[in-house]
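Chemist: Sequence below, structure please.
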Amino acid sequence: MTGAGTDHTKPSLSGGPAIILVRPQLAVNIGMCARAMANFGLSDLRLVSPREGWPRTGARRKGAYAAAAGAVHLLEKARVYDTTEAAVADLNFVFATTARERGQFKTILGPEKAMAQSFAGVSAGESHGIIFGPERTGLDNDDIALADAILTFPVNPAYASLNLAQAVLL
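Modeler: Sure thing, here's the model as predicted:
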């Protein structure tokens, strides 16, 4: 199924930073993340230890593919890793997304500066990535320790919990 704004006669963008979903819990959220990636021409989806495995079958596969709404190609190309360390091993620079203070003495950037830095790096031939944590808990400190910098969004400090696909879309 494709959306009303889909036009296959136009060239499709691809590239950008890898999107790494760490221990995602719900197939439908993986599908929605793929759709968000397709909206902005991102093409490298990496999954770290999905809770229910991957590729999914049956109803879970159907839910993920329906939520992807035309971005099924990203689901079919998704690579699965056992650890976050393995998922980021080939990347030159990694951002970890979190809204919580972690005390890790890492550079903290908002989306405008982080994506300008990533665009410059990718344009120069580097491989960049952005890691997102599980829906219920977010990234743990060990995952964040693997990142070069923290990417955070300017949200309501009293309610900083974002849906996984919303975070990828931002």
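Chemist: shaky segments in the chain?
Modeler: The chain contains residues with pLDDT under 70 at 1-15, 55-57, 102.
Chemist: What segments of it are strands?
Modeler: 18-22, 45-48, 79-81, 93-97, 107-109, 128-132, 149-151 (DSSP state E).
Chemist: got those as CSV, with distance to residue 119 and mean neighbour count columns?
Modeler: Heads up, the C-betas are built off the backbone N, CA and C, glycines and all. Formatted as CSV, the strands of the chain follow (distance: least, C-beta to C-beta, whole Å; neighbours: other C-beta atoms under 10 Å):
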stretch, distance to residue 119, mean neighbour count
strand 18-22, 14, 25
strand 45-48, 19, 22
strand 79-81, 23, 15
strand 93-97, 12, 25
strand 107-109, 13, 15
strand 128-132, 9, 25
strand 149-151, 13, 21
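Chemist: can you pull the contacts of residue 27?
Modeler: 52, 56, 60, 61, 63, 64, 67 (C-beta atoms under 8 Å, 6 or more residues apart in numbering).
Chemist: That one and residue 168: what is the separation?
Modeler: 15 Å (C-beta to C-beta, to the nearest Å).
Chemist: Who does the closest residue to residue 88 other than its chain neighbours form a beta bridge with?
Modeler: Spatial nearest neighbour of residue 88, chain neighbours left out: residue 94 (5.0 Å); criterion: C-beta to C-beta, 6 or more residues apart in numbering. Judged by DSSP bridges, the bridge partners of residue 94 are residue 129.
Chemist: Tell me the spacing between residue 94 and residue 60.
Modeler: Distance of residue 94 to residue 60, computed by C-beta to C-beta: 28 Å.
Chemist: One more: residue 50?
Modeler: Taking C-beta to C-beta, one finds residue 50 at 10 Å from residue 60.
Chemist: Look at the two and report which has more neighbours.
Modeler: residue 50 (23 against 19; other C-beta atoms under 10 Å).
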